[in-house]
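# fold the stuff below for me.
(one chain, ligands or ions: 2)
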Amino acid sequence: MESISVDVLVLGWGKAGKTLAGALGRQGQHVALVERSPQMYGGTCINVACVPTKALIHRAEERRGTDDPADYFATSVVARDTLIAQLNARNHAMLAEVDTVTLIDGQARFVAPDQVEVSAGADRLLVRADTVVVNTGTVPAPPQFEGAADSTRVYDSTTLQHVEPLPRRLVVVGAGYVGLEFASMFAHFGSSVHVVDHNESLLPREDRDVAEAVRRLLEEQGVEFHLGQTVQSVLDHDGAEQGPGTVVTISGSPDLGTRTLRADAVLVATGRVPATPDLDLARAGVTTDARGFIEVDEHLRTATPTVFAVGDVNGGPQFTYVSLDDHRIVLDQLVGSGGRTTKDRVAVPTTTFLSPPLARVGISETEARELEIDVLVAVKDVAGIAAMPRPKIVGETHGLIKVIVDAETDLILGATLFCIDAQEVVNLIALAMRTGTTASRLRDGIWTHPSTTEALNEVLASLRPLAPGA
Ligand SMILES: Cc1cc2nc3c(=O)[nH]c(=O)nc-3n(C[C@H](O)[C@H](O)[C@H](O)COP(=O)(O)OP(=O)(O)OC[C@H]3O[C@@H](n4cnc5c(N)ncnc54)[C@H](O)[C@@H]3O)c2cc1C
Ligand SMILES: NC(=O)c1ccc[n+]([C@@H]2O[C@H](COP(=O)([O-])OP(=O)(O)OC[C@H]3O[C@@H](n4cnc5c(N)ncnc54)[C@H](O)[C@@H]3O)[C@@H](O)[C@H]2O)c1
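Ligands and ions are numbered 1, 2, ... in the order given. Below is the predicted model:
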């Protein structure tokens, strides 16, 4: 078998790995990066996840009532594919042009802690490395219900992006990030959408007023929820009377009983599992938790100190920007002072890309109550914020803004933004939390007009003590 030796070997073209490979390569280190699929150059985010789904969501939001849903969806998919092909090629070029980076197509598998075999068809290559960085990501959790394997109508978040034609009726299993973003997107494309989740409540980590506002909006947009229920089975039929489709049987607690939903497509969005089974991690002495995620310390070293695990595969929060931060920690271990750790992360924001988006940083009101800390809360419906005309200008006045502030220090402890531009404004609040900027300074800040940021002037002027026991 042919072999090569490098300083650092990256397995998988994730966000952390590609950034690390580029940074180390530009410093003159010999780096090899292994990716099993050319369709995934650049990783999950740009090829099948964040970027293509947000491109489709944007297109869906732009659809006019006069557009034919199926044609409009088909054109949107072509636009998505054009964008993604450009990004995929650009990502390949960005590393290919670094002289000391070797890009290898193939499936990686450990044979020893410092040796990885890469296979592509009948070809084999042995790569020896002082340091190995595992960045193989996650894949959709497979469906657990009866009939899924025999159905041609069961999709995951990757395959549904190319469903043909646009499903008239879509059943989404799972009301997490993927489930809600796709439910909202397909409702905007013109599908009738049903969401099934085994949790009794929607968005269990959010305050009830926030979850209710999200639910109301999605229902207004045509989404129907079936909470506290699971899918028992799907059965495809050629449907002489109602046309071809699949019958989805769902059931919940005894009083809810069993019912059936008819669908043209079923999206399974019940979480993601680590891409570790093919890696032969035991040969490297790398351990995994009960769910298969690689166990790491706060420097992202695995049980074998020369092997790091970064991105989704290490069981941390599954976001591209967390994977990016993982790269900073490993870079610091390899060529820096080695002080940076996962514990340095403060105020990591999130956004679910609904229309409008739901963004969150820090604690919720419910968490503040549970912690029994002395806080002030400001909450305003977007439509009622007089000093923020931007939502009215763009015609999107749904949602609410809520901020939780430490009553003693005036520091912001958390915020929920369910409004246009939430994915941007949440970053400003996160920065305030990281830098100790007080709520009063944000309240009295000079912000551009008309913008969404200027909501802070009015919302933070309405801070009140928590209503008892509410
Ligand atoms: C539908 C969807 C939408 C999302 N939207 C967002 C969003 O808006 N914002 C956000 O921050 N996050 C979002 N996420 C999450 C985000 O995509 C992930 O957190 C991020 O892509 C994780 O990247 P990573 O660094 O772990 O590796 P990945 O980008 O997953 O890369 C892993 C790579 O390893 C390759 N690989 C796997 N096994 C092997 C092997 N044995 N040999 C060789 N190569 C291998 C894979 O092909 C893949 O290219 C979304 C996820 C999904 C599913
Ligand atoms: N905008 C973003 O940042 C974004 C977008 C999409 C995905 N992501 C990332 O990708 C990860 C995976 O997303 P996801 O939505 O697949 O997972 P998730 O963990 O966010 O949600 C899974 C949902 O499925 C439900 N569920 C699980 N098993 C079920 C079953 N058998 N029947 C019915 N419901 C069931 C859960 O209650 C939960 O609501 C997320 O955790 C997130 O980190 C991020």
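# so for the residue of the stretch 251-400 of the chain found nearest ligand 1, what's the pLDDT?
Going by CB to the nearest ligand atom, ligand 1 is nearest to Gly311 of the stretch 251-400 of the chain, at 2.4 Å. All C-beta spots, glycine's among them, are computed from the backbone N, C-alpha and C. At Gly311, the model reports a pLDDT of 98.
# please apply the same query to Leu279.
98.
# in the stretch 101-250 of the chain, what residue is nearest ligand 1?
Closest point on the stretch 101-250 of the chain to ligand 1, by CB to the nearest ligand atom, is Gly137, at 2.2 Å.
# contact partners for that residue?
Neighbour list for Gly137: 12, 14, 43-44, 274-275, 311-313 [criterion: CB atoms under 8 Å, 6 or more residues apart in numbering].
# got those residues as JSON lines, with distance to Gly174 columns?
Shown next, in JSON lines, are those (distance: CB to CB, whole Å):
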{"residue": "Gly12", "distance to Gly174": "24"}
{"residue": "Gly14", "distance to Gly174": "23"}
{"residue": "Gly43", "distance to Gly174": "22"}
{"residue": "Thr44", "distance to Gly174": "18"}
{"residue": "Pro274", "distance to Gly174": "18"}
{"residue": "Ala275", "distance to Gly174": "19"}
{"residue": "Gly311", "distance to Gly174": "21"}
{"residue": "Asp312", "distance to Gly174": "17"}
{"residue": "Val313", "distance to Gly174": "21"}
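# determine which two of the residues you listed are furthest apart.
Gly43 and Pro274 (14.7 Å; CB to CB).
# the closest residue to Asp332 other than its chain neighbours and Tyr321, how far apart?
Spatial nearest neighbour of Asp332, chain neighbours left out: Arg340 (4.1 Å); criterion: CB to CB, 6 or more residues apart in numbering. For Arg340, the distance to Tyr321 (CB to CB, to the nearest Å) stands at 15 Å.
# ok, those two, which is more surrounded?
Arg340 (19 against 15; other CB atoms under 10 Å).
# SS state for the more buried one?
coil (DSSP: H, G, I helix; E, B strand; the rest coil).
# you'd agree Gln423 is up against Ser355?
No: judged on CB atoms under 8 Å, Gln423 makes no contact with Ser355 at a distance of 11.7 Å.
# mind checking pLDDT for Gln242?
Value listed for Gln242 in the pLDDT field: 71.
# so it is in contact with Asp264, correct?
No: under the criterion of CB under 8 Å, Gln242 makes no contact with Asp264, lying 10.7 Å away.
# show me which of these two is the more surrounded one.
Asp264 (19 against 9).
# let me see the mean pLDDT of stretch 247-256.
On average, stretch 247-256 scores 88.
# that stretch near ligand 2 anywhere?
No: Stretch 247-256 stays clear of ligand 2 (CB under 6 Å from any ligand atom), getting no nearer than 8.9 Å.
# re earlier: list the contacts for the residue nearest to Asp332?
By CB under 8 Å, 6+ apart, the neighbours of Arg340 are 299, 328-329, 332-333.
# and those residues, which of them are in helices?
Judged by DSSP state H, helices contain the following of the contacts of Arg340: 328-329, 332-333.
# correct me if wrong: Glu365 contacts Arg205.
No: contact criterion CB under 8 Å: Glu365 and Arg205 do not qualify, at 12.0 Å.
# which one of these two is surrounded by more residues?
Glu365 (24 against 12).
# which one is the more buried one nearest to, not counting chain neighbours?
In space, Glu365 is closest to Asp207, 4.9 Å off (CB to CB, 6+ apart).
# what number of residues lie near the nearest residue to Phe145 once chain neighbours are set aside?
Nearest non-adjacent residue to Phe145, counting by CB to CB, 6+ apart: Val231, 4.5 Å away. Val231 has 26 neighbours, counted by other CB under 10 Å.
# is it fair to say Val231 lies in a strand?
Yes: Val231 forms part of a strand when assessed by three-state DSSP.
# if it is in a bridge, with which residues?
Ile250 (DSSP bridges).
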